[in-house]
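In: here is a sequence with its predicted model. Questions after.
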Amino acid sequence: MAAVERHTTPSRPRRAAGARPTLEAAGRRSTPQREAVYRYLAGVDHHPTAEEVYLAVKRRVPRVSLATVYTALEVLVRSGLASKLTYGDAAARYDVRTDAHSHARCLVCGRVRDLEIVPEAGWVRTLRTPGFEFTGFRFELIGRCATCRRG
Ligand code: ZN
Ligand code: MN
């Protein structure tokens with residue numbers, strides 16, 4: 001049995017109408033700041049930190065604050081429009097993808113890229129975890145990215 005399933009077509013969500021329909025369905029307001037945060041997140045593939053999102057969005061929406069960006073990101077996560085990747089004490093990163101996929105994380109620069117592979121569920125269920133009931137899993141490769149390997 002193969003231990004991983006390969007997904008050849010990455011499924012980045014394409015929402016022409018932006019975040020508004022999903023936000024409103026979740027009972028949350030759509031604001032220009034939230035739309036700008038969502039649009040930025042949907043256009044990049046490196047899983048930015050809140051700080052990185054703030055610096056990018058500020059160029060388009062000059063009066064936005066870091067606190068507003070933090071709130072916008074959390075609202076997107078709670079509405080199912082993004083997912084949040086946490087790494088202990090390091091800054092959380094945000095991902096516009098919420099489908100099953102995996103990540104490769106660089107231990108030098110912290111960048112996270114998508115991998116179109118997911119451990120096969122049947123194989124995961126064979127893992128022995130005495131005393132622990134697992135309800136899901138994440139698969140992440142750690143190492144050095146191409147840029148950091150050259151440096
Ligand atoms: Zn790197
Ligand atoms: Mn991802």
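Out: Thanks, I have the structure now. Ligands and ions are numbered 1, 2, ... in the order given.
In: bridging residues for the residue nearest the centre of the chain?
Out: To find the centre residue of the chain, average its C-alpha atoms and take the closest one (C-alpha atoms, centre = their mean): that gives D95, at 1.6 Å. Listed beta-bridge partners, D95: S83 (assigned using DSSP bridges).
In: ok, it touching K84?
Out: Yes - judged on C-beta atoms under 8 Å, D95 makes contact with K84 at a distance of 7.5 Å. For every residue, glycine as well, the C-beta is placed using N, CA and C.
In: now the helices for this protein?
Out: When assigned using DSSP state H, the helices of the chain occupy the ranges 20-25, 32-43, 50-58, 66-78, 121-125, 146-150.
In: of those, which is nearest A3?
Out: A3 sits nearest to helix 121-125 of all the helices of the chain, at 4.8 Å, using C-beta to C-beta.
In: could you dump that closest one to CSV, C-alpha only?
Out: Taking C-alpha atoms only, helix 121-125 is exported to CSV below (Å, rounded to 0.1, in the frame of the first residue of the first chain):
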residue,chain,number,x,y,z
ALA,A,121,-5.6,7.6,5.4
GLY,A,122,-5.6,3.8,5.5
TRP,A,123,-1.9,3.8,6.2
VAL,A,124,-2.3,6.5,8.9
ARG,A,125,-5.0,4.4,10.6
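In: okay but V118 is in contact with H101, surely?
Out: Yes - under the criterion of C-beta under 8 Å, V118 makes contact with H101 at 6.5 Å.
In: from S102, how far off is G43?
Out: Going from G43 to S102 by C-beta to C-beta, to the nearest Å gives 21 Å.
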